[in-house]
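S.K.: my questions are about this predicted structure, shown below with the sequence.
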Amino acid sequence: MEINLAGMNIDHSLLQDTIRLLRRAADCLTQEKPNLQENRRVADAIFALLDADSMTPETLSAAYARISRDPRSVDQLREESRYRVGKARRSNRTIIFGLGHASVAEHAVFNLDVIGISRYLSEYIQSHRLGSYTEKSQRYIRLDSDYTIPPELIGTPLSRDFEQFIQRRFDDYHALCRIIEKELDSAEPDVAGEDARYVLPLAVTTQMGMTVNARTLERILQRAASSGLQEFQEWGRRVFSVIDGIAPSIIKYTAHSDRQTAIETALRSYQSREKPDPTAPGIRPPVQLVSVTPDGDRRVVEALLAGLSGQSIGETHESFLDDPAIRRQIFLDVFREMEPWDPPPREFELADAQFELLISAAAYAQLKRHRMVTLRPGPYDPRLDITIPPVLKEGRGEVILRSAAAESAAIAHRMMCQAPLAAPYAFLACHRRRIIMKVNARELIHLSRLREDVHAQWDIREIVTAMVTLARAQLPGCMIAACGKHAFEAYRQSLGISS
């Protein structure tokens, strides 16, 4: 595991001063006859800059925190924070942790290289929606045998068995790549690797670029310290070590907390002793629409019109909007001038749909990137069967995948007895979990544009298509132009609203 501080935001005036100083230094170095006095002044300025401790995003947080109560202009506040870093840090501590105005910490942003972590840890990191993450793709990159042994297993007899289990999965992965290449008559690694990866476990390593504000990062680190998993805790310690000393006044509460464990313990007491068998045939479809905003289309239209009239919702054209044809025409007019990349108006956020999904780890890796939704995953459960890529069904590939899944379930069961929190490392990308997901119509249209597109991966495309189909039946106006971006123009022409 490797964590690097790749970047952070610092005051632009400081960058400009640094550039000017470097230019002066360059001039001094290139002069045929050195000016010793000028050289000394430049050297002193460089040492002063290095000693100022101002290369920190804290000064921006401190300056912006004072805007609400200090009559001076913002640039003056920034200048003072830049030259009085100690005062800026004291101000941050008072405002953020003393007065509780934690949003001030959001003005400090860090860029982090996260290298050599498990896919399981990456799921945890990316579950925090107020951050930006770009992860190594298992679809487009042919993988080597890089994996993480859960630290909980190291030094135990199960460690060797787990390592051999992983090695066999990589052997299966390469075998599936060959099967798929032969089946599709293609040697492209991304074509074969996209489906072969379903046999790989969550212990496989990955890397990502991460951009996050200080407030969110503090929360992530505290939860990592409280997770009970050693890899998560070590990751948190390493992240803190690379930012420690750079911004001490805005990241403070990163230690273990028992709060989440206490909540889970309390909730477990309410669980029924008799649980339904999730393997029972036909118990539930992979995509269920659990609930939807009543009269969601009408609420959105009322909000669109109320935004123009200034009237409250419910007072705007009540009888006029009883006609479904009128509501449909309003939605068509809204979408008429839109391009595939244009989001619908914010009023579409007033209509929600809640789904329950049965989803593979491979598809969840993509779904979790849509962070403007409420996404609550349950545990991976081998009783929920597995997702099999169509190219592997009813052949040797399916036999390999099912055999690997059975071995995965067996070793996960053994891990449950010794290190229960680490058992998910053994589950494969084909294993499933149940997801509770609430999404508003605006974000569901975005999901449709991206994940119903012809270039989208088949697994997530099937799930989103089913979601949109169910939502369209309840919200026909909001979802009238929901489709993959590749089909947007043709779909718009079919509705008679092509520009």
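M.R.: Here it is on my side, so go on.

S.K.: show the subsequent helix or strand relative to the lengthiest helix in the chain.
M.R.: When the chain is parsed with DSSP state H, its longest helix is helix 157-184. Note on helix 157-184: by DSSP states H and E, the next helix or strand toward the C-terminus is helix 189-196.

S.K.: beyond that following helix, next helix or strand please.
M.R.: strand 205-213.

S.K.: following that next one, which helix or strand comes up?
M.R.: Where DSSP H and E defines the elements, the next helix or strand beyond strand 205-213 is helix 214-225.

S.K.: helices or strands next to the one helix or strand V300 maps to in the packing?
M.R.: Taking DSSP H and E as the definition, one finds V300 inside helix 296-309. Contact analysis of helix 296-309 by 3 or more C-beta pairs under 8 Å, 6 or more residues apart in numbering; DSSP states H and E lists helix 324-336 as its packing neighbours. Where you see a C-beta, it was placed from the backbone N, CA and C, and this is true even at glycine.

S.K.: could you give me the buried positions within the helix it packs on?
M.R.: Of the residues in helix 324-336, 327-328, 330-332, 334-335 count as buried by neighbour count, 16 or more other C-beta atoms under 10 Å.

S.K.: and if you look at stretch 364-384?
M.R.: 364-368, 370, 373, 375, 377, 380-382, 384.

S.K.: which of those lies closest to L158?
M.R.: Of all these, L158 sits closest to P382, with 17.6 Å by C-beta to C-beta.

S.K.: so how far is M479 from that closest one?
M.R.: 35 Å (C-beta to C-beta, to the nearest Å).

S.K.: check L357 too.
M.R.: The value you get for L357 to M479, if C-beta to C-beta is used, is 18 Å.

S.K.: between those two, which one's more packed in?
M.R.: Neighbour totals were compared for L357 and M479, and M479 leads with 26 against 23 (other C-beta atoms under 10 Å).

S.K.: contacting residues for that one?
M.R.: Contacts for M479 (C-beta atoms under 8 Å, 6 or more residues apart in numbering) come out as 441, 444-445, 448, 468, 471-472.

S.K.: would a markdown table of those with neighbour count, distance to L304 and secondary structure be doable?
M.R.: Converted to a markdown table, those look like this (neighbours: other C-beta atoms under 10 Å; distance: C-beta to C-beta, whole Å; DSSP: H, G, I helix; E, B strand; the rest coil):
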| residue | neighbour count | distance to L304 | secondary structure |
| --- | --- | --- | --- |
| A441 | 26 | 12 | helix |
| L444 | 28 | 17 | helix |
| I445 | 25 | 15 | helix |
| S448 | 24 | 20 | helix |
| V468 | 23 | 21 | helix |
| A471 | 25 | 19 | helix |
| R472 | 16 | 19 | helix |
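
S.K.: can you put those in a markdown table and add distance to R129 and pLDDT?
M.R.: Shown next, in a markdown table, are the contacts of M479 (distance: C-beta to C-beta, whole Å; pLDDT from 0 to 100):
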| residue | distance to R129 | pLDDT |
| --- | --- | --- |
| A441 | 18 | 95 |
| L444 | 16 | 96 |
| I445 | 18 | 94 |
| S448 | 20 | 94 |
| V468 | 22 | 96 |
| A471 | 21 | 96 |
| R472 | 26 | 95 |
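
S.K.: from those residues, which is closest to R223?
M.R.: The nearest member of those to R223, counting by C-beta to C-beta, is L444 at 27.8 Å.

S.K.: I'd assumed V290 was in contact with A471.
M.R.: No - applying C-beta atoms under 8 Å, one finds A471 not in contact with V290, separated by 11.5 Å.

S.K.: before we move on, the earlier item: enumerate the positions of the longest helix of the chain that are buried.
M.R.: Of the residues in helix 157-184, 158, 162, 165-166, 169-170, 172-174, 176-177, 179-181 count as buried by neighbour count, 16+ other C-beta under 10 Å.

S.K.: and for stretch 121-137?
M.R.: Result for stretch 121-137 [16+ other C-beta under 10 Å]: buried residues 121-126, 128, 131, 133, 135.

S.K.: now swap in stretch 453-463 and tell me
M.R.: 453, 456-457, 459-463.
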